[in-house]
Every structure is written in structure tokens, then in C-alpha cells.
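Novice: Next comes the sequence, and after it the predicted model I'd like to discuss.
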Amino acid sequence: MFLSRIVLRDLDSIDSPVSMASSKKVVTRDEWERKLRDVKIRKEDMNRLVMNFLVTEGFVDVAEKFRIESGTQPEIDLATITDRMEVKKAVQSGNVQEAIEKINDLNPTILDTNPQLYFHLQQQKLIELIRAGKISEALEFAQEELAPRGEENQTFLEEIEKTVALLVFEDIKNCPYGELLDVSQRLKTASEVNAAILTSQSHEKDPKLPSLLKMLLWTQNQLDEKAAYPRINDLTTAELQDPSI
Amino acid sequence: MPATASGGARPEEAAEAASAPAASCMGTRPEELTARLAASGPAAPGAGRGGSGAGAGAGGEEAEHERVRALREIKNQIIGNRTKKLLYLRLGAVPAVVAALAEPGASPAALVQAAAAAGSFACGVDDGARAVLAAGAVGHLTRLLAHHDEKVVDASARALRMIYQSKLAPKFDVNNGKNMDFVLSLLNSENENVTELAATIISHSCENSSEQLSLCSAGVLQKLVSLFGGSMNLRDACLDSVTAVIRNNREVASRFASTDHGKGFRSVVGLIHDRSPRTRLLSCLCLIALGHASPCHFLDKQIKTKLIMVLLELIEEPGQVGDEAPLALTTLIKDSLELQKQALTTNAVEKLSNHLLANSLESRRAVTILLALSELCSKLEESRSQLMSVEASTLILEGLKHDWADIRVAACSCLKNISRSPKVLSGGRLSCDTVIGPLVQLLYDSSTSVQVAALGAICNIAVNLTPKKSVLLHSGVVSQLVHLSKSMDPTLRLKSVWALRNIMFLLSPKDKDFIVKELTLSTLSSLICDSEHFVQEQTLALVHNLVDGYVDSANYVIGEDGMVMDAIARQLNNASAPGVCIQGMFVLANIAAGNEMNKEAVMNVLLPHRADRVKPSFVVNFLQSKDKQLRVATLWCLLNLIYPKCEASSGRVVRLQNAGVIIQVKSMINDPCLDCKLRVRMVLEHCVDNADDCFM
């Protein structure tokens, strides 16, 4: 958040001359770097951003190392990350029942207050049964567990229909709803689970760093209309590129 | 190091997880599980101990293990699953689960599983909540909040929170000193699950002003505000509680706004810019409640403008927050012309319409957005014309035919408020077949609330003065309105009569005749004597419009053996509600403006020819009424009776004089109401004129 505020403040200061002249204001590299040097960013804030990223994404070992090396305290108990990652891993490897039980052990209110997530887990369970070729089991599960959810919710019903349609096709990988069997479907469900657990732990479900980078790009785009300045084009290197005039 | 400490606890869970497959081998059918749980219940270990001394310890442990497994399995089956909850309820599993909470020697593992299962039973299924409450879970769980094992405390607090979120849970009487101490002790807990529980109990339990006042006096509001610094979920729960404590309570709200120089108030204001959308919404709701409870403490226009902007932004959020934001906006701007103007300047109509267009109608959000748009159009002409000019107006018409009743109601509500605009009405854009057709169809809807909403829109559109009124008249609407006027539901009767009244307004004699034939005079008479006074009043207003303008139309009332006139006379003599009397007198005044026969008919209602004159005429009572409208209506009626100057009029003056009416009028020469004063003088002048006439 603070990075973008700094850039916006600069934007303000060069705004007025531009509105008078029709051409863009040019900021040289020297001038720009001088301005950047004037901006004081606390090391601790940077570290907290990094820690927030590691915690949210679930890199527990790295977070632990980073905690020791930088002295930055994580926002939540690192042990809870391990639990969360185990749940995520279970979904990603298709062990949906195991994931459900782990979620319930972590916090039994998550799935009771989040019907959509519960449905998606049940749907994933059905997908896994179909993938494993357990057709009669899949049918029984669809009838007993999923059908009642469809009666409660129209959107769920449509999703159930799509999933059950997988049973009709011989070559399920290439059928119209084949993407349900894709790894991406597991990842989608896993990330939904991850977000719900984070929310239940009072933690934001997205790390701050990526949105900060999005804000940087947005601000540069805004600035482009008013000035030519050394721009960051490659986010991986964050190198300043001289303005092309 | 916290990481190792909690890390150390993990193997235990791993062991539990590992034992899960074993449990599944033992059968996981609900019937078996319930039976197993009942068998391993309180009686079982006792029996074990009574057996051989050596095997008792191992047997008890085995039984406990078995019970934990059964409880965990049941918990995992029911969480999130309504069907399973109902199934276990039928099998009578709840008492067995709750019994596990009550057992003195229960292991922490068993308590954690039982608490989670009990909490889940109470969530989302009313019968489940009822069963959990009946089994006495609240008492056991409350006791467990003091358990030495933190995991048991967490599980119990969570379960209690689920229970207190059900509307079936009993209110917690905070006026009882002991209970208040308990709530305060929960609020002061180090455990966030417990403080969150306290916030939930407060939100659930304070409904009347004495409870709110007690909580406020005990310093609960300050405590809740101090907890805003905790985790996101705790903060949200506390915000919700603050709102519950100040809602509709002027004294508490003003105390909150002024305590500590408004520190609490400022904290809430600060949260409307929080990172979490849910927190932003809840803080807006809190400030809205504060503004409604104590308007004098919330005059800052800037904050109100900010609230509007924040709420408009929140509509973009996915899920519940985005769904509820338009409702919060509706509550904020309700009945306030000033705020509706402000909302308009922040492009609220445009923003809401764009959302409506971008999303499908098939959502709760569409309903709440339509309701917000409707509110925006309730007072401001500009909002109405803006809404009519965007594509959203087409969507509103689509909404009328939507499968979902809530959407149909919301669309009708929009149309009702748009059609408050004389400009839109006279433009005739609403009186065409594309609008009237679907609206009339909705009068046949299976949902009463849809019918009522459609009637509201038809009422307003019917006021239309343009020749297009005939579109409405011949759309089949009249026969259905007549049908609804005989409904068992009083609101439907009221609104349908109201619509007929508005259609009747300034109608040609031919069209009036059409309506009367559909309605029939006998229905009209029975509606005048309806059980509800608001229906009586509306029916008399309908008769008022019927006899207005054309002398001949009075025949409907005095003709056919005077059936309608008799009904009116009955209501006036019974001294019904003031509104009924006023409309009745206006009807009589209109009829009295007609020919001699009409005037005589009215005279006979006012002063019936009867031998026994024990009861004084209701006219005198009406003239003495505190309601100036009733006095004016009565004076108009008298005036029409003795005008113009003629022999018959003189005769009526004499009759009125004999009944003590004129003396009463004379006493009103200085009536505080100017309109009355003027009519009094006119009546008296005509009396003198007519008297001269008599003597000459």
C-alpha cells in the first residue's frame, strides 16, 4: 500500500506543469533516482510483506528460516500453516475425504458456514470416484450425497449434472466436461479450501505482495499519460528502463 | 518457541487420523454409529468397571476410544450436510452426543468431538437446534468453558457460538446480575474464541431497551470497541454486537457517541476504510444504526457521503458482502431526501444499474440492487427519469416475469416508485401493454407478497390522467381487482380497493359504469362494512371518486333500495375510525351537491325520521371532533344541503336547527382551523338567507 502512495504523491507534484503544457514532462534517470532515494521505506515493513507472502502461500519452512534470520514475527502460528498445507495437499492428491476430516478437526464451523465450499469438496469427491472408475460407487454417492444439495440450490444442481455427465461418455478425457478431470479442477478446489481456512483464522486470503505489484503497474500506466520517466518493465528484476523519447 | 509447542501437539492428531480407516472398517452407517455411541454411553464404562477388576482399565480405555471414534465419525458426516443431520436427528443421536459432554470422566478428545458435533447439529437445521437445546447442551458447554484443556474450551466456545446464532436459542437475560458478570468475564477472556462467543451472545440477547441499557451501563460498549484491535473475525463480531446494543435506542446511542469524547464512534468511523470488505460493511451498518437511533449525534454530512461511497463500492465484492451492501444503502437513504440527493450526485443510480446489467437477475444481489434502486426513486424525480432512461428499465420489466418471487416483488417495487412521477406517468411510458400486461398477470401470482407488490405499482400507474387509462381499464385488471377485493387477506383487499379507487379517479361515466357492473353494489356495500377500518376507509374513498363529477352517479349510492347509502349510514352512526368518517362525510357532501332527491337522501342519513330521538345526530359529534378534516368534511356536507337558496333548503335548515346542529355550528365561529372558520361563516350566512326566504 505505501509504495503506491509514494508514487501517487510524485504524480501529484508533476501534475500541474503538465496540464499547462501540452507535451509530457520528462523526468531524467538522475532526477528519478534522486526522488526514489528520498523515499524512506523501513526494512521491517519490507520484511513483513515477505513474511505475509510466505505465510499466506504456505511456505512454512522458508517462513521459519526467514523468521530466524530476519527476526520478523509471522502474523499467525506457523503450526497452523502446516495443518492448512496438509489439507491442501490432500485435495491436490485427490484424497477429499481426508481433507474434509482435517478441515473439521481444524475448525468444525468452516464447512457448516460455507455451503459452496462443502459442495465443491463433495463434487471433487465424485470426480475422484469417476476418475478411479468406481462407477457404481460414484452413482450411489451422487444420489445419496449430492442430489440433496442440488435440491437446495439451482447452481449446485447444474454443476452436479455436468459432473454426472462424465459417466455417460466412454472417452471421458475428451468429453465436453472433461476439464473437470483436469488437475486444474483439483487446484481450484484446493485454493478455495486454502482461502476458507485462512479466513477462518482471521487472515486475508490473498498475500499483499501481488496486489502491490498490480498497483505499481496501474500507477505506472496512469503516469505514462502525463510523463516520460524511468519505468519498471520487468518485475522480476525491477530494473529501471530509460524513457524512450 | 510457539512453533515447536504446537508442532508437538500434532502427532496426536496424526494418530487420530491414522485410526480413521480402522473406524470405517467397523461400519459407518448412521444406524450403527448411533447404536455404538449409545452403547458406549455413560452406562457402559460403569458396567465395565463392575466386571472383572483386571480388565476394567483397558476395557474403559477401549470404550473411550470407541466413543471418540464414533463421535468423530458422526461429526464428519453431519458437518455441512443437512440431510445427514436430519437423519441422525431421527435416529435420536443428539441426546447421546450431548450426554458425552456431561460425563465427568470424559477425555478431552471425546469432549472436543462431542462439542463439535453438538454445535454442528445446531447449525442450519431448526430441528437440530431444538434437539441440542432440549438435551441441555448449553449448560454443559458453558461449564466446559472453564475446562483446563484449551482445545476443549475452543471447541465448546465454537459450539456455543453456533447455538447462539440460531434464533431458537433462548435469550440470555443480561438484566440478571450474575449473567451480566458472566458475559463480562467472557469478554475479558484471553481466548479469542471465547470473546467472540461473548460478542455473539450479546448480539443474540439484546432486543429491548432495558437490556441495551444494562449492557451499556456495564461498560460493554467500551470493551467491545477495545476488542476491535484483535483478529479480523473478532473485530467483525464485536462490530455486530455494538450495532445490536445501540440499535433503535436513543439513549445508548448518544452515550456511545459521546463517551470518551467520541472515541468509540471514531473507531467505528475509522473502520469504514478497513482492508476487509466485511469489516467495512459492518462498520457502515453500525453507523447507520447509530444515525437512526440518535440523529442529533450524527449530523456530519461528510461521513454520510462517505458511507454512500463505501457501500456503492462494496457492491463489487463477491458473496454475502456484495449482496447485503445495497440493503445497507437502502436503510441509510430511506425517507431522507437529503441523502437520496447525495446518493444521486455520487451516480448511485448509474452504478447500481450497471451492476444489475452486468450480473444475471438470478441472484440475491439483483434483488437487493432493485430494492436500493426503488428506494432511490421514492422521492427524487431525477432518479426516476435516470432509471427510466437506462437499459435497466428493460431489465426491471424482465424482472416482472422472472421465476423467482423475490425478483418479481423487487421489480414491482421499482415500478411503484418510478410511477410516483407525474412526468413519467403523463409521458405514458408505463401505461402501455408491455408494462400493464405483466403487472396484471402478477395479480394472479401464487405468492401474496407478489400480488401486493403488483397492486402497489398498479395503484400508482392508475392515477394516470392521459387517455391511455383505457389500456389499463380494458386489460382485464378490473375483474381481477374485484376478485382480490373479496380475498381473505386484508392487505390484498385494501390494495385492490385502493387500485380501483385510483382507476375510478376522473373516469368517464361510461367507464365508471363498467367498473360498478363488475364490482356490484352488494360487494361495494359489504366492503364499506369490512372488518378492517382501513379497508372501509379505502372503499369510501372509492365511492367518493365514483360520485364525484357527475350528478347521475349518485344514483349508484341512493338507488337500488339505497343499499350503499345504508352501509355508509351504518358506519357513520357506529362512529368508526376518523379516516372512515372523513371519507364517509366527503361522499355525503358530494351527493348533497346534487338534486333535491339526493339532498333529501343525505338528510335522511344525517337526521333520520324517527320517533325516538334519544341519540343525538352523529353530525354534532363530528363537528366537535378534534380532527379538523372531519369538521371540514361535515361543514361541506351541511353547506351543500342548504344551498342554493330555496324553499326546500329552508326546510332543511329548520330540521338541522331542531337537531341542534346549527347551534353547534354557531359555536364554531372562531374555529382554530381557518378552513373550518370560513365554512362555518358560509353555513351561517346561508342559514340567514334561507331564514329570510322563509319569513318573506
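Specialist: Now that the structure is in, tell me what you want to look at.

Novice: For whichever residue of the stretch 101-250 of chain B sits closest to chain A, which non-adjacent residue is spatially closest?
Specialist: Distance from chain A to each residue of the stretch 101-250 of chain B (Cβ to the nearest Cβ) is smallest for B:Ser231, at 3.4 Å. Just so you know, the C-beta spots here come from the backbone N, C-alpha and C atoms, and that holds for glycine as well. With Cβ to Cβ, 6 or more residues apart in numbering or on different chains as the criterion, B:Ser231 has its nearest non-adjacent residue at 3.4 Å, and that residue is A:Ser202.

Novice: Equivalent analysis for B:Ser209, please.
Specialist: Spatially, and ignoring its direct neighbours in sequence, B:Ser209 is nearest to B:Asn249 (5.1 Å; Cβ to Cβ, 6+ apart).

Novice: now B:Ala593
Specialist: Once flanking residues are discounted, B:Ala593 sits nearest to B:Asn640: 4.6 Å by Cβ to Cβ, 6+ apart.

Novice: Go ahead and confirm B:Glu251 touches B:Ser214.
Specialist: No. Checked against Cβ atoms under 8 Å, the pair B:Glu251 and B:Ser214 is beyond contact range at 11.9 Å.

Novice: Looking only at neighbour counts, state which of the two leads.
Specialist: Of the pair B:Glu251 and B:Ser214, B:Ser214 is the one with more neighbours under other Cβ atoms under 10 Å in any protein chain shown, namely 20 against 14.

Novice: Within range of chain B, give me the residues from chain A.
Specialist: Those residues of chain A that sit near chain B, judged by Cβ under 8 Å from any Cβ of the partner chain, are A:64, A:77-80, A:82-83, A:98, A:100-102, A:104-105, A:107-109, A:111-115, A:118, A:145, A:148, A:152, A:154, A:200-204.

Novice: Averaged pLDDT, stretch A:163-178. What do you get?
Specialist: Per-residue confidence for stretch A:163-178 averages out to 80 on the pLDDT scale.

Novice: Show me where the stretch 251-400 of chain B has its helices.
Specialist: B:263-271, B:277-293, B:301-314, B:319-333, B:337-345, B:348-358, B:364-376, B:381-389, B:392-400 (DSSP state H, counting those that start in this stretch).

Novice: now the stretch 401-550 of chain B
Specialist: Taking DSSP H, counting those that start in this stretch to define them, one finds helices in the stretch 401-550 of chain B at B:405-418, B:422-427, B:433-442, B:448-461, B:469-472, B:478-484, B:490-504, B:509-519, B:521-528, B:533-547.

Novice: cool, and chain A?
Specialist: Listed from the start of the chain, chain A has helices (DSSP state H) covering A:2-20, A:29-38, A:43-57, A:60-70, A:78-92, A:96-106, A:109-112, A:115-131, A:135-141, A:147-152, A:154-165, A:183-200, A:208-224.

Novice: quick one, which of these is nearest to A:Gln241?
Specialist: Between A:Gln241 and those, the shortest separation by Cβ to Cβ is 9.6 Å, and it involves helix A:29-38.

Novice: Send over that closest one as CSV, restricted to the C-alpha atoms.
Specialist: Once non-C-alpha atoms are left out, helix A:29-38 reads as follows in CSV (Å, rounded to 0.1, in the frame of the first residue of the first chain):
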residue,chain,number,x,y,z
ARG,A,29,17.1,8.9,-14.6
ASP,A,30,19.2,11.1,-12.2
GLU,A,31,16.2,13.1,-11.1
TRP,A,32,14.1,9.9,-10.7
GLU,A,33,16.7,8.1,-8.7
ARG,A,34,17.2,11.1,-6.5
LYS,A,35,13.5,11.2,-5.8
LEU,A,36,13.5,7.4,-5.1
ARG,A,37,16.4,7.8,-2.7
ASP,A,38,14.3,10.4,-0.8
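
Novice: Give the other helices and strands that it contacts.
Specialist: Judged by 3 or more Cβ pairs under 8 Å, 6 or more residues apart in numbering or on different chains; DSSP states H and E, helix A:29-38 is in contact with strand A:240-241.

Novice: Direction included, what does the strand it packs on pair against?
Specialist: Sheet pairing of strand A:240-241 (DSSP bridges) gives strand A:231-232 (antiparallel).

Novice: List the buried residues for the helix or strand hosting the residue nearest to B:Ala593?
Specialist: B:Asn640 is part of helix B:628-641, with elements assigned from DSSP states H and E. With burial defined by 16 or more other Cβ atoms under 10 Å in any protein chain shown, the residues of helix B:628-641 counted as buried are B:629-641.

Novice: hmm, back to that, can you list the helices of the stretch 251-400 of chain B in TSV and add distance to B:Arg501?
Specialist: Compiled in TSV, these are given as follows (distance: least, Cβ to Cβ, whole Å):
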stretch	distance to B:Arg501
helix B:263-271	47
helix B:277-293	33
helix B:301-314	37
helix B:319-333	29
helix B:337-345	27
helix B:348-358	31
helix B:364-376	23
helix B:381-389	23
helix B:392-400	23
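
Novice: Could you save those helices as JSON lines and add columns showing mean pLDDT and mean neighbour count?
Specialist: Converted to JSON lines, the helices of the stretch 251-400 of chain B look like this (pLDDT from 0 to 100; neighbours: other Cβ atoms under 10 Å in any protein chain shown):
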{"stretch": "helix B:263-271", "mean pLDDT": "93", "mean neighbour count": "18"}
{"stretch": "helix B:277-293", "mean pLDDT": "95", "mean neighbour count": "23"}
{"stretch": "helix B:301-314", "mean pLDDT": "92", "mean neighbour count": "18"}
{"stretch": "helix B:319-333", "mean pLDDT": "94", "mean neighbour count": "21"}
{"stretch": "helix B:337-345", "mean pLDDT": "92", "mean neighbour count": "17"}
{"stretch": "helix B:348-358", "mean pLDDT": "91", "mean neighbour count": "19"}
{"stretch": "helix B:364-376", "mean pLDDT": "94", "mean neighbour count": "24"}
{"stretch": "helix B:381-389", "mean pLDDT": "88", "mean neighbour count": "18"}
{"stretch": "helix B:392-400", "mean pLDDT": "89", "mean neighbour count": "20"}
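
Novice: Perfect, I'm done here.
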